[in-house]
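Novice: With the input below, show me the fold.
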Amino acid sequence: MVLRKSVVLAVLTLCSLVCLFAADISGKWKSEFESQVGPQKYTFEFKVEKGKITGTATASISGTDMKAKITDGKIEGDKISFTESLDYQGQELAIEYKGTISGDEIKVERSVTGTSDGTITLKRVK
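Specialist: This is a model prediction of the structure:
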């Protein structure tokens, strides 16, 4: 019983430390890339609180400006994942991002409705 409590305490402490040492990505990040629907320019504005990411994504897709909410965002150490809930021409799309933070860059695999759209790089706006 004492061993079990010790293990649980150690796991909880480790989880707390991971949250404490998670990268701070709060603020604006930009990305430009080509996709199946043409050139895209994005500005992501992230808010981080206790390992959870929220915010907005503002996109210019083939000359049309759009804004979407960021949901289901998580950050653990240098790993990041979030979903962009985008209304594109009347169609609701869940665009998923998963990747790694490295200083002022974030490299993410972008998946549109379950299909990989490639890896893109986000750069911090200073």
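Novice: What does the pLDDT read for Val125?
Specialist: In this prediction, Val125 carries a pLDDT score of 97.
Novice: How about it: what's its closest non-neighbour residue?
Specialist: Excluding its sequence neighbours, the residue lying closest to Val125 (C-beta to C-beta, 6 or more residues apart in numbering) is Lys28, at 4.0 Å. All C-beta atoms are positioned from the backbone trio N, CA, C, and that covers glycine.
Novice: Kindly report the same for Val112.
Specialist: Ile95 (5.2 Å).
Novice: give me the low-pLDDT residue ranges for the chain?
Specialist: 1-22 (pLDDT under 70).
Novice: what sits up against stretch 99-118?
Specialist: 23, 25, 29, 33, 35-36, 75, 78-81, 93-98, 119-124, 126 (C-beta atoms under 8 Å, 6 or more residues apart in numbering).
Novice: Buried members of the residues you listed into PyMOL, please.
Specialist: Typed into PyMOL, the next command selects the buried ones out of those (criterion: 16 or more other C-beta atoms under 10 Å):
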select buried, resi 23+25+29+75+80+81+95+96+97+120+122
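Novice: So which of the contacts of stretch 99-118 sit within helices?
Specialist: In helices, defined here by DSSP state H, there are no members of the contacts of stretch 99-118.
Novice: For the residue nearest to Val112, name its beta-bridge partners.
Specialist: Glu84, Val112 (DSSP bridges).
Novice: Hmm, it is touching Ser81, no?
Specialist: No. Counting by C-beta atoms under 8 Å, Ile95 sits too far from Ser81 to count as a contact (11.9 Å).
Novice: This completes my enquiry, with thanks.
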